[in-house]
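A.B. asks: using only what follows, build the 3D model:
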Amino acid sequence: MSAAKVTLSPKELELVNNADWILTKNGIIQKVADLFGEVSNTYRADLAKYTELVHSPAFQLAPKLSKGEQYQSLPYIMLDYPRYFTEPDIFAIRSFFWWGNHCSIHLILRGKFLLQYGPSIDHYFQLFGKYADETRNWHIGTGADLWQHHFERNNYIPIEDWNGSSVTQLPFLKLAKKIPLEEWDDIDQFLIKHFNRILSMLTEY
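C.D. replies: Numbers count the residues shown, from 1 in each chain. Below is the predicted model:
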């Protein structure tokens with residue numbers, strides 16, 4: 001065994017002797033989970049407005065809530081609904097809380113679902129343009145890793161900076177929008193609004 005001594009900095013020593021901060025963190029995570037549970041109920045109710053999607057296999061499974069501690073070393077919670085994941089085909093809308101960063105919503109399409117819904121998404125952005133209220137602050141995935149959800153430019157770029165001709169030409173599509181955690185009181189309505197916006201993009205254009 002190494003004789004090297006493991007030491008703690010004054011800040012680390014203060015934290016390791018203070019249980020309150022970790023209990024507060026656990027309480028916040030539970031509140032986020034509760035919020036996502038309520039949001040998922042609204043998602044399921046709102047789906048009834050989109051008759052083309054009601055019987056899609058992607059919506060047959062109940063919403064799934066997952067928690068973790070290590071997305072880029074920070075806690076996260078994610079809600080997947082719809083959720084259809086196979087090797088060739090993916091159709092998912094992921095609501096994502098990332099400690100210290102933001103809350104975001106991501107549409108993920110690959111395979112047959114991208115071919116099915118991609119033309120409607122193309123038409124949506126062509127119709128409104130890249131600078132309208134309907135398209136402002138949307139980001140499109142440019143990274144190679146399907147499972148990254150940060151908004152650095154090697155993963156997402158603003159839709160107005162994208163020069164592609166059709167989303168159907170991509171190996172997979174990711175569209176996303178985020179809200180800062182400082183706007184906590186608006187997060188539920190942000191997610192519900194943009195969940196419906198995504199379903200509208202898929203079916204009404």
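
A.B. asks: for Leu79, see how far away Glu69 is.
C.D. replies: Taking CB to CB, to the nearest Å as the measure, Glu69 falls 17 Å from Leu79. (Each C-beta comes from the backbone N, C-alpha and C, glycine too.)

A.B. asks: these two: which is more packed in?
C.D. replies: Leu79 (25 against 10; other CB atoms under 10 Å).

A.B. asks: tell me the phi and psi of the more buried one?
C.D. replies: phi -120, psi 120 (degrees, to the nearest 10).

A.B. asks: strands along this structure, start to end?
C.D. replies: 64-71, 74-85, 90-98, 102-110, 139-141, 156-158, 173-180 (DSSP state E).

A.B. asks: show me the helices in this protein, by range?
C.D. replies: 10-16, 20-46, 51-54, 112-128, 187-203 (DSSP state H).

A.B. asks: wait, which of those helices is closest to Trp98?
C.D. replies: helix 20-46 (10.3 Å; CB to CB).

A.B. asks: chain center to that closest one, what's the gap?
C.D. replies: Between the centre of helix 20-46 and the centre of its chain there are 15 Å (CA atoms, centre = their mean, to the nearest Å).

A.B. asks: swap in stretch 60-78?
C.D. replies: Taking mean C-alpha positions (CA atoms, centre = their mean), stretch 60-78 and its chain are 10 Å apart.

A.B. asks: same check, this time on stretch 113-121
C.D. replies: For stretch 113-121, the distance to the chain centre is 19 Å (CA atoms, centre = their mean).

A.B. asks: returning to that earlier point: from the helices of the chain, which stretch is densest packed?
C.D. replies: Burial of the helices of the chain is given as mean neighbour count (mean count of other CB atoms under 10 Å); helix 187-203 ranks first at a mean of 19.

A.B. asks: just want the angle from it to strand 173-180.
C.D. replies: 160 degrees (axes from the mean of the first three to the mean of the last three CA atoms, to 10 degrees).

A.B. asks: restricting to C-alpha, output helix 187-203 in PDB.
C.D. replies: Extracted in PDB, the C-alpha atoms of helix 187-203 (Å, rounded to 0.1, in the frame of the first residue of the first chain):
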ATOM      1  CA  ILE A 187     -39.500  24.900 -16.200                       C
ATOM      2  CA  ASP A 188     -42.700  22.800 -16.300                       C
ATOM      3  CA  GLN A 189     -44.400  25.100 -18.700                       C
ATOM      4  CA  PHE A 190     -41.300  25.300 -20.900                       C
ATOM      5  CA  LEU A 191     -41.100  21.500 -21.100                       C
ATOM      6  CA  ILE A 192     -44.800  21.100 -21.800                       C
ATOM      7  CA  LYS A 193     -44.900  23.800 -24.400                       C
ATOM      8  CA  HIS A 194     -41.900  22.400 -26.300                       C
ATOM      9  CA  PHE A 195     -43.100  18.800 -26.100                       C
ATOM     10  CA  ASN A 196     -46.200  20.000 -27.900                       C
ATOM     11  CA  ARG A 197     -44.200  22.000 -30.300                       C
ATOM     12  CA  ILE A 198     -42.100  18.900 -31.200                       C
ATOM     13  CA  LEU A 199     -45.300  16.800 -31.700                       C
ATOM     14  CA  SER A 200     -46.600  19.600 -33.900                       C
ATOM     15  CA  MET A 201     -43.400  19.700 -36.000                       C
ATOM     16  CA  LEU A 202     -43.700  15.900 -36.500                       C
ATOM     17  CA  THR A 203     -47.300  15.800 -37.700                       C
END
